[in-house]
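*Asks:* heads up, no residue letters with this:
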């Protein structure tokens with residue numbers, strides 16, 4: 001039974017694809033698509049001799065990733081224009097940040113929403129400016145709106161009325177109910193200007209954010225892409241001691257250490273893994289040769305864990321009951 005190690009090997013060592021069979025190529029493409037790493041894989045394999053049937057797939061993936069990056073950069077430019085009258089830096093996060101700064105993590109990366117980080121005390125002004133510039137709530141709902149504003153690390157998602165593009169306005173990097181409490185003010189204070197009114201996190205904070213997003217918040221959906229980001233971002237940290245100090249400051253020391261071990265084990269050289277690391281790796285690798293998720297029980301366990309990380313048990317039960325009741329429609 002195949003798992004996603006086939007994809008990891010191709011990303012880590014592009015020359016390894018020379019030995020792939022037709023079935024291997026089918027599995028590799030399916031896994032890369034499922035993990036949203038097909039663009040990254042296509043960039044890594046650019047210029048290599050690949051089967052005729054695979055060549056247009058990779059070419060299309062590179063083209064799609066380049067188009068998404070261009071769209072993301074335009075959205076970032078529009079955010080700068082919308083917020084230009086405020087004394088607020090437009091601090092890009094995630095894929096748009098990587099693309100705008102020309103980082104390796106952005107090469108071939110598919111980019112969805114525009115994510116920005118602003119000071120919490122500027123949220124009202126930022127919200128008003130974005131509304132004036134054509135953004136609106138993506139899913140207006142009184143309960144969700146109140147939940148986001150009271151407990152989440154961002155405003156409710158907004159979408160532009162004519163461009164149909166989403167923006168997520170963060171005031172920190174983890175939900176307020178999460179156990180770690182990163183210092184968003186310090187992240188903003190140490191942000192790096194990349195020109196045109198845009199900023200990105202410092203190298204150490206980029207790793208902290210990626211590790212927090214992957215290991216302290218989510219259910220590891222898309223985890224291999226997040227871990228590839230981390231592998232690339234780690235290479236840009238000049239002094240590991242600075243990263244350790246920064247991670248400790250944000251209360252993310254355990255997450256950053258685990259991210260390092262996992263990235264080294266799956267994308268780099270062999271690393272000694274704990275039992276918990278091995279469970280994480282098993283979840284990350286849970287793909288079959290058709291790109292479908294395997295190990296459904298393990299996948300569900302990490303889904304439950306993601307909710308447990310976000311809020312205390314009683315609050316979680318109340319939230320899930322409210323969401324169930326809102327979605328329940330008697331026959």
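*Replies:* Okay, I see it. Everything numeric here is computed off the predicted structure, so don't read it as measured data.
*Asks:* Ramachandran angles for residue 90?
*Replies:* phi -90, psi 100 (degrees, to the nearest 10).
*Asks:* Show me which positions of the helix or strand residue 131 falls within end up buried.
*Replies:* Taking DSSP states H and E as the definition, residue 131 sits inside helix 123-132. Neighbour counts over helix 123-132 (16 or more other C-beta atoms under 10 Å) mark 123, 125-127, 129-130 as buried. Glycine gets a C-beta too; all of them are placed from N, C-alpha and C.
*Asks:* So which other helices or strands are in contact with it?
*Replies:* Applying 3 or more C-beta pairs under 8 Å, 6 or more residues apart in numbering; DSSP states H and E, one finds that helix 123-132 contacts helix 55-82, strand 166-170.
*Asks:* Would you mind identifying the helix or strand in this structure with the lowest mean pLDDT?
*Replies:* helix 313-327 (a mean of 62; mean pLDDT, DSSP states H and E).
*Asks:* pLDDT (mean, whole number) over stretch 238-255?
*Replies:* Per-residue pLDDT over stretch 238-255 has a mean of 96.
*Asks:* Closest one to residue 78 out of the buried residues of helix 123-132, please.
*Replies:* residue 130 (9.7 Å; C-beta to C-beta).
*Asks:* pLDDT score assigned to the nearest residue to that closest one once chain neighbours are set aside?
*Replies:* Sequence neighbours aside, residue 82 is the residue nearest to residue 130 in space, at 5.6 Å (criterion: C-beta to C-beta, 6 or more residues apart in numbering). On pLDDT, residue 82 comes in at 96.
*Asks:* swap in residue 280?
*Replies:* In this model, residue 280 carries a pLDDT of 92.
*Asks:* again, but for residue 211
*Replies:* pLDDT, read off for residue 211, is 97.
*Asks:* before we move on, the earlier item: let me know the closest of the buried residues of helix 123-132 to residue 35.
*Replies:* Once C-beta to C-beta is applied, the member of the buried residues of helix 123-132 that ends up nearest residue 35 is residue 130, at 31.4 Å.
*Asks:* Need the pLDDT of that closest one.
*Replies:* pLDDT at residue 130 comes out at 96.
*Asks:* Where do the helices of the stretch 151-300 of the chain begin and end?
*Replies:* According to DSSP state H, counting those that start in this stretch, the stretch 151-300 of the chain carries its helices in the segments 184-189, 203-215, 223-234, 240-249, 253-267, 275-284, 296-310.
*Asks:* For residue 87, find the nearest of those helices.
*Replies:* Of the helices of the stretch 151-300 of the chain, nearest to residue 87 by C-beta to C-beta is helix 184-189, at 12.2 Å.
*Asks:* can you pull the buried residues of the closest one?
*Replies:* 184, 187-188.
*Asks:* try stretch 228-244
*Replies:* Taking 16+ other C-beta under 10 Å as the criterion, stretch 228-244 shows 228-234, 237, 243-244 as buried.
*Asks:* farthest-separated two in those residues?
*Replies:* 228 and 244 (21.9 Å).
*Asks:* just to revisit the earlier point, of the buried residues of helix 184-189, closest to residue 152?
*Replies:* Using C-beta to C-beta, the buried residues of helix 184-189 come closest to residue 152 at residue 184, 13.0 Å.
*Asks:* How about the closest one: what's its closest non-neighbour residue?
*Replies:* Residue 184 sits nearest to residue 172 (C-beta to C-beta, 6+ apart), 3.9 Å away.
*Asks:* what about the chain, any weak spots by pLDDT?
*Replies:* Counting by pLDDT under 70, the chain has low-confidence residues at 1-2, 307, 311-331.
*Asks:* Try it again at 90.
*Replies:* Under the criterion of pLDDT under 90, the regions of the chain flagged as low confidence span 1-3, 85, 87, 112, 138-152, 176-179, 216-222, 269-272, 287-296, 298-331.
*Asks:* quick one on the thing from earlier: helix or strand right after the helix holding residue 131?
*Replies:* strand 135-137.
*Asks:* quick one, what contacts residue 128?
*Replies:* Residue 128 makes contact with no residue, according to C-beta atoms under 8 Å, 6 or more residues apart in numbering.
*Asks:* And residue 246, by the same measure?
*Replies:* 202, 204-205, 208.
*Asks:* For those, could you give me JSON lines that also reports neighbour count?
*Replies:* Converted to JSON lines, those look like this (neighbours: other C-beta atoms under 10 Å):
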{"residue": "202", "neighbour count": "18"}
{"residue": "204", "neighbour count": "26"}
{"residue": "205", "neighbour count": "28"}
{"residue": "208", "neighbour count": "30"}
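*Asks:* between these, which is closest to residue 167?
*Replies:* For those, the nearest to residue 167 is residue 205 (20.7 Å; C-beta to C-beta).
*Asks:* doesn't residue 188 make contact with that closest one?
*Replies:* No - using C-beta atoms under 8 Å, residue 205 is not in contact with residue 188; the gap is 9.5 Å.
*Asks:* The residue nearest to residue 184 reaches residue 123, doesn't it?
*Replies:* No - here residue 172 does not reach residue 123: they are 11.0 Å apart, not a contact under C-beta under 8 Å.
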